[in-house]
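Participant: sharing a model that was predicted from the sequence below.
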Amino acid sequence: MKKEETFQILEEYLKGIPVYNTHSHHLPAEQLTDVGLDYLLAHSYLNEEWEDCGVPGKEDFYRRFRDRSFYLWISRALTEIYGIPDPLSPENWEKTDQAVRAAYQDPSHHTRILEQNCGYQHVIVDAYWNPGEKRTDSPVFERTYRINQFLYGYNLTAADHNGNNPYQNYGWKFFGDFDRYVEQVQRKMEEAAESGCVAFKCASAYDRGLDFEAASKEDAQKAFASADPTEQDIFHFQNYIFQEICRICAGLDIPLQVHTGLGKMQKSNCRYLTEAIRRNPHTKFVLFHGSYPWLDDLCGLAFSFRNVYVDLCWLPIISTAAAERLLSEVLDICGADRISWGCDTWMSEDSLGALLAVRKVLAEVLSQRIETGLLSLERAKELCERILTVNAERLYHKNKE
């Protein structure tokens, strides 16, 4: 069969696959009571551009960003959800806004998009504003527990880029006992696991580099014991605590999701995790975002370490072309068993846009492989199911082999 034909077959097949969405920041229901188009865009990956143009600078916004991947996919999602035939533009802006506002009069609208339009079986939510927050507004929601704050427990006031500090969040006392602090971190992570969190999440690439080098307990304690720790003291403390977190993840057999690539752009390349991965062979490292723009380094890690998992989340809406390239190369070097996907969005419309993007990526890459004789159509369908559902079910313990 020709590529165009198999692409259409796969595109249609993908619509019927129930999806395990591995990463989302879906906003709490109480923040979704007065939603219009401007609110939706301001809580999407077009937020900085939207604010930069200034509401209601629709024409300028459209002119500058109409060809951007983020814009294209959210525009397609709006068309699918609200039945407006043409892509979002100044001409149909008000009509789209009215449709959005009318739909959000129903409090269940945002979860209905996830459950029905997207077909999600599970959505792992990273509530960085309240790590491990339990969601009750949809049965599909699961939780990851963000661990960044524990890297800032060397004093009462240090905080990660989300403003989290464990003493402030949990009312811990600062006893100046380093061993006790590590025990508290472990206890909190165990509590998170017992309460139903299926993953832990490290987003330190927005705070510091991913160069988590080996550190001695003696060096780590210097920041903990000092009223004015040096940058080097803090570096050692964070490296030691990260190592402890990796150990705890391995002991609990719960994956550690790690933001790689875009962030501070200083040592946010996934290759800086190489030694941490090597030191922790029993920790499952789920590396997010393709380490974009350093895709090749992620391929190298996935090839070299069986405890590295590739999550395509965010990448198809950053650059659909980059996602196609990464998927094709990962299939070449290590197969499909360690690939998953998450939307990495705040709004349901953006989530559907991300899903439409990854479906396009899968159909494009797999139909190309069918045309060149590398794959059968039936095997391509199996790979679609594996990447969107099966791998995540196994990784997050919903369906162990």
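Facilitator: Good, I have the coordinates.

Participant: what stretches of the stretch 1-150 of the chain score poorly on pLDDT?
Facilitator: 48-57 (pLDDT under 70).

Participant: which residues in it form helices?
Facilitator: Ranges of helices within the stretch 1-150 of the chain are 3-14, 37-42, 47-53, 58-65, 69-82, 93-103, 109-112, based on DSSP state H, counting those that start in this stretch.

Participant: same list, those helices, but as JSON lines with distance to Val308 please.
Facilitator: (C-beta placed from N, C-alpha, C; glycine too.) Shown next, in JSON lines, are those (distance: least, C-beta to C-beta, whole Å):
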{"stretch": "helix 3-14", "distance to Val308": "26"}
{"stretch": "helix 37-42", "distance to Val308": "35"}
{"stretch": "helix 47-53", "distance to Val308": "31"}
{"stretch": "helix 58-65", "distance to Val308": "34"}
{"stretch": "helix 69-82", "distance to Val308": "26"}
{"stretch": "helix 93-103", "distance to Val308": "40"}
{"stretch": "helix 109-112", "distance to Val308": "33"}
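
Participant: doesn't Asp160 belong to a strand?
Facilitator: No: judged by DSSP: H, G, I helix; E, B strand; the rest coil, Asp160 forms no part of a strand; its state is coil.

Participant: pLDDT at it, what is it?
Facilitator: We have a pLDDT of 94 for Asp160.

Participant: enumerate every residue touching it.
Facilitator: If a contact means C-beta atoms under 8 Å, 6 or more residues apart in numbering, then Asp160 has 148-149, 151-152, 203-204, 206-207 as its contacts.

Participant: now it. Nearest residue, chain neighbours left out?
Facilitator: Nearest non-adjacent residue to Asp160, counting by C-beta to C-beta, 6 or more residues apart in numbering: Asn148, 4.0 Å away.

Participant: now do the same contact list for the one you found.
Facilitator: Contacts here follow C-beta under 8 Å, 6+ apart; on that basis Asn148 touches 160-162, 164, 202-204, 207.

Participant: same question for Ile318.
Facilitator: For Ile318, the contact set (C-beta under 8 Å, 6+ apart) comprises 69-70, 262, 289, 292.

Participant: which of these tops the neighbour count?
Facilitator: For those, the largest number of neighbours (other C-beta atoms under 10 Å) sits with His289, at 29 neighbours.

Participant: ok, it to Pro229 distance?
Facilitator: 31 Å (C-beta to C-beta, to the nearest Å).
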